[in-house]
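Trainee: Dropping a prediction and its sequence here:
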Amino acid sequence: MLEKIKKYKIPIIIILTLIILIITLRVITTEELIIDTMAYNLFVEKLRSPNLNKVMLLVATLSNTPVTVIYIIILLILIKDKKIALTIPANLLLITIINQILKLIIQRPRPIGYRLIEIGEYSFPSGHAMTSMALYGFLIYLSYKLIKNKNLKIFFITACILIIIIIGISRIYLGVHYCSDVLAGWSISIIYLIIYINILKSHKIIP
């Protein structure tokens, strides 16, 4: 899978850039996006329930900054090659800075009227979507390259993919982000990851 992504990285970057530009233009001109309405109807109007609320609130807790820092510390301890290990917090720091800059530029207000949690700052692009894609996407790459056991590799990569998806969905479900915030966040982070990984590889920091 990752080899195919490497082969088609330029077309992937072009397609994702177009998606980001289209969404951003709609957001700036305050045009309603059909995908935001569809996501609201699905996750808020149809799927919300007391039990699922508890699950999504737990996801929000487990994906917040303090818990993510704990994950990073554990990884720093577990990964023997400290040069590789340090690329993980550096990755998270860079994507967080990029996200904050973009939020200040776009300044899209968060959804109102149906939030299950209160949160400040701007909405676009989703910080959780960007950081989760950057963090777990990078871990997918490292797992693919470094884990020798095939079953363990498949398990870890699958878990990372599911975490990315669940965190993204949770932000829409909880009413703190529009679907377009999440899609743009994922797209930006994928482009960023392609560049970040290539820079690290060119300096022989990661395989």
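Mentor: Done, it's in.
Trainee: so how far does stretch 77-95 reach from one end to the other?
Mentor: 22 Å (Cα to Cα, to the nearest Å).
Trainee: list the buried ones in it?
Mentor: The neighbour-count check on stretch 77-95 (16 or more other Cβ atoms under 10 Å) flags Ile79, Ile84, Ala85, Thr87, Ile88, Asn91, Leu92, Ile95 as buried. No exception for glycine: its C-beta is placed from N, CA and C like everyone else's.
Trainee: Make CSV from these and add pLDDT to it.
Mentor: What follows is these, written out as CSV (pLDDT from 0 to 100):
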residue, pLDDT
Ile79, 89
Ile84, 93
Ala85, 93
Thr87, 96
Ile88, 95
Asn91, 96
Leu92, 95
Ile95, 97
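Trainee: any idea which of those is the one closest to Ile101?
Mentor: Ile95 (10.8 Å; Cβ to Cβ).
Trainee: Name the nearest residue to the closest one, ignoring sequence neighbours.
Mentor: Of all residues not flanking Ile95 in the chain, Ala134 sits nearest, at 3.9 Å (Cβ to Cβ, 6 or more residues apart in numbering).
Trainee: so which two of the buried residues of stretch 77-95 are the farthest from each other?
Mentor: Maximum pairwise distance among these (Cβ to Cβ): 19.0 Å, between Ile79 and Ile95.
Trainee: Next SSE downstream of the helix or strand that contains Lys145?
Mentor: Element membership for Lys145, per DSSP states H and E: helix 127-146. For helix 127-146, the following helix or strand on the C-terminal side (DSSP H and E) is helix 150-173.
Trainee: Good, wrapping up.
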